[in-house]
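Chemist: no sequence on hand, only this structure:
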C-alpha cells in the first residue's frame, strides 16, 4: 500500500464494510433491549397508579424483590428438609443401637412445596402429557395421511374435539381417573395423572393435523420411487414417509408443546393439582400484600419456560430437518 | 415372428373425468429387442409419459398389455427402473445412500455387504459421481442429480431402463454431457432403454429407433423411424453427416407437418 491514493479508498472501504456489518447487527441486538426497557418503564408507571384490595399493583422492582424472597424461602425449606432427614437418621441410629431388631421407618419430608419445586412438578407433568400425546398423534397422523378413508372417518372427530377448552375436559378426566386409576400403591399421584391426561388431550391435535398434512402432501414422485423399489408398507413409512414428513411433524410438535404448557397452568389452577398453577391459585387465595408480586413472578417464569421449551424444540427441529435451506424460526 | 424382449400389444388407457371417460391412448403397439434404445417423441400431452408409466407398472392399461421377457407387467418393480424427469432423489439421503436404498432393496440376500458397497461405488463411478457420494441432493447441480438418478436406476440392474424426459430440465451443455455419458453406459452395458424426449437432436443421436406419437386424445404410434447410424456416435462428426440431417428432418416433418400441434 505504498500508493496513498489507492490505500485510502481501500481503508475506507474496509471501514465502511465494518460499519455496514455493525449497522446490520446493531438493531437486532439493541432493539430487543430497547423494547424490554420500554416495557419495564411503562409497567412501573402504570403499576404505581393501580390500587387493589391487596395493595398497590407490583412494579418490576417489587416483583424482583418477591423473586428474591422466593429464592430465600426455597433455600430455607431445603435446609429444613436436610435438618429433618439428619434428625431422623440420628433417631433411627439411636434406636438401632438400643435394639438391633427394631423396625426403622424412613418418612419423607412433608413441607410445603416451594416455588421452584412447583416449577419442576409442572415441567414433569407437561412433558409426560406431551409424550403421551406425541406417541398417539404421530402414528395416528401417519395413518390418516396415508389412507383417505381413515382420514375421512377421523377428520370430523378431530374438527369437533380440537376447539374444546381444557377446562371442559378437566372434570371428566378427574372423575374418570378417580374411578379407573385405583391402586393400593399408586405409582403416580392421581392429580398428576389427571393433569397429564388433560394436557395430552389438548395438545394432541396440532401434531395430528400437521402430521396428516405432511404425510398427505408427500411428493408423488417419491411414492413412485417407493413403488418401483417395491418397498414393503413398513419400510415405505420408515424410509420415505416419515423422513419426508419430519418438518411438518415438528411444526406440529412445537405447537402442541406450547398448547400443552398453557393448558397445564389452567388445569393446575382449577384442579388444585401441584404445580405452577396451584402456586398462583394459592397465592391468590392467600391474599397477602406479597401475593400479587409472587403471582407476577410466576407469570414471568411461565413465559420464560414456555419460550425455553419452544427454543429446545426449534433446536431439535433444526437437527433433524434435512432441508437446511428452510428458514426455521 | 420371434417373441420380442419387451412387447406392448394394443395398449389403451382411459382416465375417468367429470365428463366421462377420457381415452388417452389407443392401440399402442411396440416391440423392443434386447439392448435396443428407443425414444418416444411427440407433442406434450400426447401420452408419452403414460406409455412409460404403463410399462413401469405405475398405471394399469385399460386394454391390451405389456410383456417383458415372457412375463406380464402388472405392478411396478425394480426390473423396470425409472429415471424420473425431476430426479426424485430422497432429499434427506446422500447420493451414496440414495443408490444404497435401491441396492439394499434389490439385492437383499443376494449380495454381501461388501459386494453391495462395491456395486454402489461402481454405479456412482459409471455416472462419474464418485466425488459427490457424501453430498445431499440439495448440494449438487441439476445435472449431477440426474446422474445420481441414473446411477440409482442402473444399480437395480433393470431389464429395461425407463427414462421420462431425463434431461428436459437441464441446460444445453449439461444435457450434451449427460447424453455422452448415457451413450457410453449404453455401449458398455447394452441396456434396453425407452426414453421420452422433446428434443429431436437427442432422439436421433441416442436412439436405434424413434417412435413418433400422434396427438391425443386416443394417441397412438404414428410412425417409427429406424436410425441406422453406426455406433459409437460422435456428436461433432454427425453434425456434418447428411443422413443425420435426413433423420432429423424426418422427425421434424412428422412433428410439425403431419402432427401439427393443436393450438397451444
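Modeler: Everything's here; your move. Everything numeric here is computed off the predicted structure, so don't read it as measured data.
Chemist: and chain A, which of its residues are near chain B?
Modeler: Proximity of chain A to chain B (Cβ under 8 Å from any Cβ of the partner chain) is limited to residues A:219, A:221-222, A:224-225, A:227-231, A:235, A:239-240, A:243-244, A:246, A:322-325. C-beta: built from backbone N, CA, C; applies to glycine.
Chemist: next, the buried residues of the helix or strand harbouring residue A:93.
Modeler: When elements are defined using DSSP states H and E, residue A:93 is found to belong to helix A:60-98. Applying a neighbour-count criterion of 16 or more other Cβ atoms under 10 Å in any protein chain shown, one finds A:62, A:63, A:66, A:67, A:70, A:77, A:88 buried in helix A:60-98.
Chemist: okay, strands next: where are they in the chain?
Modeler: Here I'm looking at chain A. Counting by DSSP state E, one finds strands in chain A at the ranges A:51-52, A:55-56.
Chemist: that's the wrong chain, I meant chain B
Modeler: For chain B, applying DSSP E gives strands covering B:6-17, B:20-32, B:37-41, B:63-68, B:71-72, B:82-83, B:160-164, B:192-197, B:209-213, B:221-226.
Chemist: which one of the ones you listed lies nearest to chain A?
Modeler: Comparing those by their distance to chain A (Cβ to the nearest Cβ), the top pick is strand B:82-83, with 5.4 Å.
Chemist: what is that closest one packed up against?
Modeler: For strand B:82-83, the contact count by 3 or more Cβ pairs under 8 Å, 6 or more residues apart in numbering or on different chains; DSSP states H and E identifies helix B:142-155, strand B:160-164 as packing neighbours.
Chemist: turn these into JSON lines, including mean pLDDT, mean neighbour count and distance to chain A.
Modeler: Written out in JSON lines, the entries for these read as follows (pLDDT from 0 to 100; neighbours: other Cβ atoms under 10 Å in any protein chain shown; distance: least, Cβ to the nearest Cβ, whole Å):
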{"stretch": "helix B:142-155", "mean pLDDT": "93", "mean neighbour count": "24", "distance to chain A": "8"}
{"stretch": "strand B:160-164", "mean pLDDT": "95", "mean neighbour count": "24", "distance to chain A": "9"}
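Chemist: now render these as a markdown table, adding distance to residue A:188.
Modeler: Output for those, formatted as a markdown table (distance: least, Cβ to Cβ, whole Å):
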| stretch | distance to residue A:188 |
| --- | --- |
| helix B:142-155 | 50 |
| strand B:160-164 | 57 |
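Chemist: out of the ones you listed, flag the one nearest residue A:290.
Modeler: Of all these, it is helix B:142-155 that lies closest to residue A:290, at 64.9 Å by Cβ to Cβ.
Chemist: contacts for the closest one?
Modeler: Outside of helix B:142-155, the residues within contact range by Cβ atoms under 8 Å, 6 or more residues apart in numbering or on different chains are B:81-84, B:87-89, B:95, B:98-99, B:101-103, B:106, B:119-120, B:123-124, B:126-129, B:132, B:137, B:140, B:161, B:163, B:166-167, B:169-170, B:174-175, B:177-178, B:181-182, B:185, B:189, B:191.
Chemist: out of those residues, which are buried?
Modeler: Taking 16+ other Cβ under 10 Å as the criterion, what is buried in the contacts of helix B:142-155 is B:81-84, B:87-89, B:95, B:98-99, B:101-103, B:106, B:119-120, B:123-124, B:126-127, B:129, B:132, B:137, B:140, B:161, B:163, B:166-167, B:170, B:174-175, B:178, B:181-182, B:185, B:191.
Chemist: shaky segments in the chain?
Modeler: Using chain A here. With pLDDT under 70 as the threshold, chain A has low-confidence stretches at A:1-8, A:324-326, A:329.
Chemist: meant chain B actually
Modeler: Chain B contains residues with pLDDT under 70 at B:1-2, B:261-264.
Chemist: near chain A, which residues of it?
Modeler: Among all residues of chain B, those adjacent to chain A (criterion: Cβ under 8 Å from any Cβ) are B:56-58, B:75-78, B:80-82, B:84, B:86, B:88, B:90-92, B:101-102, B:105-106, B:136, B:138, B:156.
Chemist: now chain A against chain B: closest residue?
Modeler: residue A:322 (3.4 Å).
Chemist: filter the residues of chain A next to chain B down to the buried ones, ChimeraX style.
Modeler: In ChimeraX syntax, the buried subset of the residues of chain A next to chain B is picked out as below (16+ other Cβ under 10 Å):
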select /A:221,222,224,225,227,228,229,231,235,239,240,243,244,246,322
